[in-house]
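A.B. asks: Fold the stuff below for me.
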Amino acid sequence: MGEQVILILCSTVESVNVPGDSLVEVDLSGRDLHRAQLGGADLRRANLTGSILRNAYLDEAILDGAVLAGAAMMVVEARRASFRMADLSSVGLNFGDVQGADFRGATLKGADVTDVNFRDCRLEGADLRCVGVETADFLGAAWNAETQWPEGFRPPQMTRPPS
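C.D. replies: Residues are numbered from 1 along each chain as shown. The predicted model follows:
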């Protein structure tokens, strides 16, 4: 019997074949995953450093502990995804939709979050010392005293307690 392979469908490039039967701890660093269809995928502790994930579909994906440092994630759809303790430092996340996502303990230091939809996100303990934070939408998002914001930035009032 041959080795198992996972096929990641991408709309604008050839599909990406990943050896194995799981994406947990997979190394996809530097890969072109433009418009990748990864909704609901389990990418815990995956290495996506410097990957191209523009327009990727990551709704409800699990990226807990993943390293996405320097990844291009512009216009990504990652609603209700989990990025707990993930490294998203210096990520280009601008114009992304991450509504309802969980970023507890994640670092987005140096990331570009211009016009990102953070509505209803969990941001407790996250490092949000990023670029463009003043244009992001935080309506209904939850954070705490451990959440780090850029110097001089005052987040909007939390409109609901964390659930």
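
A.B. asks: what's near enough to touch the residue lying closest to residue 132 once chain neighbours are set aside?
C.D. replies: The shortest distance from residue 132 to any non-neighbouring residue, by Cβ to Cβ, 6 or more residues apart in numbering, is to residue 114 (3.1 Å). Yep, even glycine has a C-beta here, placed from its N, CA and C like the rest. Taking Cβ atoms under 8 Å, 6 or more residues apart in numbering, we find residue 114 in contact with 94-95, 131-132, 135-136.

A.B. asks: hmm, 10 Å instead?
C.D. replies: Neighbour list for residue 114: 74, 92-96, 130-136 [criterion: Cβ atoms under 10 Å, 6 or more residues apart in numbering].

A.B. asks: what kind of secondary structure is it in?
C.D. replies: What DSSP: H, G, I helix; E, B strand; the rest coil gives for residue 114 is coil.

A.B. asks: now do residue 134
C.D. replies: Here residue 134 is helix, with the state taken from three-state DSSP.

A.B. asks: Lovely, talk soon.
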